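[1] Sequence below, structure please.
(chains A and B)
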Amino acid sequence: GAVVSQHPSWVICKSGTSVKIECRSLDFQATTMFWYRQFPKQSLMLMATSNEGSKATYEQGVEKDKFLINHASLTLSTLTVTSAHPEDSSFYICSASGIKNEQFFGPGTRLTVL
Amino acid sequence: DAKTTQPPSMDCAEGRAANLPCNHSTISGNEYVYWYRQIHSQGPQYIIHGLKNNETNEMASLIITEDRKSSTLILPHATLRDTAVYYCIVRVAGGNAGNMLTFGGGTRLMVKP
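    As a prediction, this is how the structure comes out:
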């Protein structure tokens, strides 16, 4: 299957700082990218859907001003957690979808906010 | 997307077949059954999908009942590396690439030596 990468794979930051997570589709053009969040022992929860060149669509309960998503190209989407707090500590996973509508997932980014 | 129901956990002996059931009684005619798995601290991995016919690939087989209200994922010879959470998801395939995946609780498969 297609390859999706995420960077960084893990990050530890202080409360109040902002963290940027990158999601890249390495061998295909991703018209749509999805961002999920997963807390320990829970399932993946969709945060937002982003289409290249347009604003992201956020799921109910997800603050768009706190979780900034940019999908500036067909191979890169970024998620910025602004003013991070300990409750934002989680496993963040992106997925990318191309013209065939299959979804390929990145390896995830573990965020720990102290 | 139709809701799915899976047992929360299952055990399987190494080398034996693992049969993971999924109920999707409200599935629509244009919805496919997808299976993904997630190994601890990794992103989900696509396994297989099907509409109504049984499907097989190098990873697994998918058996869908004739009324399409349930399906079974079969790992023919489970190994320790197959220990993971397996998610059964029903969604429309093709067309709008904006169709997201809705993850339920999944089945935590533990393969034991």
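[2] Using just helix, strand and coil, how would you label the residue lying closest to B:Cys88 once chain neighbours are set aside?
    The spatial neighbour of B:Cys88 that comes closest, neighbours along the chain excluded (CB to CB, 6 or more residues apart in numbering or on different chains), is B:Cys22 at 3.5 Å. Every C-beta, even on glycine, is put in place using the N, C-alpha and C of the backbone. B:Cys22 falls in the strand class when you classify it by DSSP: H, G, I helix; E, B strand; the rest coil.
[3] Looks like B:Cys22 contacts B:Ser70 (just checking).
    Yes - taking CB atoms under 8 Å as the contact criterion, B:Cys22 and B:Ser70 are neighbours in contact, 6.4 Å apart.
[4] Of these two, which one has the most company?
    Taking other CB atoms under 10 Å in any protein chain shown, B:Cys22 and B:Ser70 do not tie; B:Cys22 has more neighbours (25 against 18).
[5] Can you give me the buried ones in stretch A:104-114?
    A:104-106, A:108-109, A:111, A:113 (16 or more other CB atoms under 10 Å in any protein chain shown).
[6] I'd like to know how many residues surround A:Ser95.
    Counted with other CB under 10 Å, residues neighbouring A:Ser95 total 28.
[7] mind checking pLDDT for the residue of chain B found nearest chain A?
    Using CB to the nearest CB, B:Gly43 is the residue of chain B that sits closest to chain A, at 3.7 Å. B:Gly43 carries a pLDDT value of 95.
[8] Surely it and A:Thr109 touch.
    No - with contacts counted by CB under 8 Å, B:Gly43 stays clear of A:Thr109, the gap being 9.7 Å.
[9] which residues are in contact with both of those two?
    Shared contacts of B:Gly43 and A:Thr109 (CB atoms under 8 Å, 6 or more residues apart in numbering or on different chains): A:6, A:93.
[10] Now the most centrally placed residue in chain B: closest residue in space that isn't a chain neighbour?
    Nearest residue to the geometric centre of chain B (CA atoms, centre = their mean): B:Trp35, 3.1 Å. If you skip the residues right next to it in sequence, B:Trp35 has B:Ile47 as its closest partner in space, 4.3 Å away by CB to CB, 6+ apart.
[11] Not counting its neighbours along the chain, what's nearest the most centrally placed residue in chain A?
    The residue lying closest to the centre of chain A (CA atoms, centre = their mean) is A:Trp35, at 3.8 Å. The spatial neighbour of A:Trp35 that comes closest, neighbours along the chain excluded (CB to CB, 6+ apart), is A:Met47 at 4.6 Å.
[12] next one: A:Arg110
    When the adjacent residues along the chain are set aside, A:Arg110 lies closest to A:Trp10, with 4.4 Å between them (CB to CB, 6+ apart).
[13] quick one: the one you found from A:Phe91, how far?
    Distance, A:Trp10 to A:Phe91, by CB to CB, to the nearest Å: 9 Å.
[14] which of these two has more neighbours?
    For A:Trp10 and A:Phe91, the more surrounded residue by other CB under 10 Å is A:Phe91, and the numbers stand at 19 against 11.
[15] Could you pull up the residues touching the residue of chain A found nearest chain B?
    Among the residues of chain A, A:Phe105 lies closest to chain B, at 3.7 Å counting by CB to the nearest CB. With contact set as CB under 8 Å, 6+ apart, A:Phe105 has these partners: A:4, A:93-95, B:36, B:43-46.
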